[in-house]
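Q: Sequence and predicted model, in that order:
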Amino acid sequence: MKRFGPLFTLLAGLVLGLFMLSLNATTGTQSASSAYEESPSPKASPAPTKSTASPSPSPSPSRTPVPDADYTGRTKDDSASVAVSLEDGKAVAYFCDGRDKESWLKGDVEDDGTMRLTGKHGAKLTGTLKEGKRISGTVDVDGGHYDFTADKAKKPDGLYRATGRVGDTDVDGGWIVRQGGRQQVGILTRDGEASPAPRIDPETGAVTVDGEQLTARPVTP
């Protein structure tokens, strides 16, 4: 029995040492695991999304309509008269030399006051309304090219026309009245034959043709 005493003591100490070593290893693992679970890595916050405001629509530019009015004037060479009547963005014009050359023209007026009017046999008028007071431009009629200006008119000045039947004849007359009715230029066509037109009463438009009375009325587009 004395021989196995030290050996038994040595084995008991070895078993106790292994037990203590195993216990320490297990405790350390659990502590590390607990510490890891209790302190999770913070999640990255999503970057804020920038909101792009829709641009406000630009307001449409206001359109200023060309005012309704009549304009009368002369060609630069003083050989003929020109009248233009504007209404609702439309225009009608009359070129007349008071003898045998005339032309009726019509077309649109742009918001900036420009116009390009056309008539029979290739006639055309190109003009621009300036500040609502005057139309300046050119007229091409029967191979002639004329510069003109026409100022804003006040009644009874303006553009007049009379059509009808006198006896057995179809008549068509056009007049440009200026200077309060004192100055008149017109052509009367009888069955296609042009001649100077008789004077009209600027207040009533009454005109006598071959002994019969017609009424010349203001012309609008």
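A: Thanks, I have it.
Q: Give the burial count for Ala69, as a bare number.
A: When neighbours are counted by other Cβ atoms under 10 Å, Ala69 registers 17. In this view, the C-beta of every residue, glycine as well, is placed from N, C-alpha and C.
Q: so it touches Leu86, yeah?
A: Yes. Ala69 lies in contact with Leu86 (Cβ atoms under 8 Å); the separation is 5.6 Å.
Q: how close does Gly107 sit to Lys155?
A: According to Cβ to Cβ, to the nearest Å, Gly107 stands 24 Å off from Lys155.
Q: His121 now?
A: Taking Cβ to Cβ, one finds His121 at 31 Å from Lys155.
Q: So these two - more neighbours on which side?
A: Lys155 (12 against 8).
Q: ok, now which ones touch the more buried one?
A: Counting by Cβ atoms under 8 Å, 6 or more residues apart in numbering, Lys155 touches no other residue.
Q: And for Asp140?
A: Contacts of Asp140 (Cβ under 8 Å, 6+ apart): Gly122, Ala123, Lys124, Leu125, Tyr146.
Q: List just the nearest of the residues you listed to Tyr160.
A: Distances from Tyr160 to the contacts of Asp140, taken as Cβ to Cβ, are shortest for Leu125 (18.3 Å).
Q: Which ones among the contacts of Asp140 map onto strands?
A: Lys124, Leu125, Tyr146 (DSSP state E).
Q: what about the second one, neighbour count?
A: So the one you mean is Leu125. Neighbourhood size, Leu125 [other Cβ under 10 Å]: 27.
Q: That one - nearest residue in space that isn't next to it in sequence?
A: Of all residues not flanking Leu125 in the chain, Leu117 sits nearest, at 4.3 Å (Cβ to Cβ, 6 or more residues apart in numbering).
Q: how would you label that neighbour: helix, strand or coil?
A: Under the three-state scheme (DSSP: H, G, I helix; E, B strand; the rest coil), Leu117 adopts strand.
Q: Spell out the residue ranges of the helices in this protein.
A: Secondary structure of the chain (DSSP state H): helices at 5-38.
Q: so Thr169 makes contact with Asp191?
A: Yes. In this structure, Thr169 is within contact of Asp191 by Cβ under 8 Å, at 5.5 Å.
Q: These two: who's more crowded?
A: Higher neighbour count among Thr169 and Asp191: Thr169, with 14 against 9, using other Cβ under 10 Å.
Q: can you pull up the bridge partners for that one?
A: When bridges are called by DSSP bridges, Thr169 pairs up with Val166.
Q: Could I get the contacting residues of it?
A: Arg190, Asp191, Asp210.
Q: Hmm, the first one is touching Asp170, no?
A: Think Arg190. Yes. The pair Arg190 and Asp170 qualifies as a contact (Cβ under 8 Å) at a distance of 7.5 Å.
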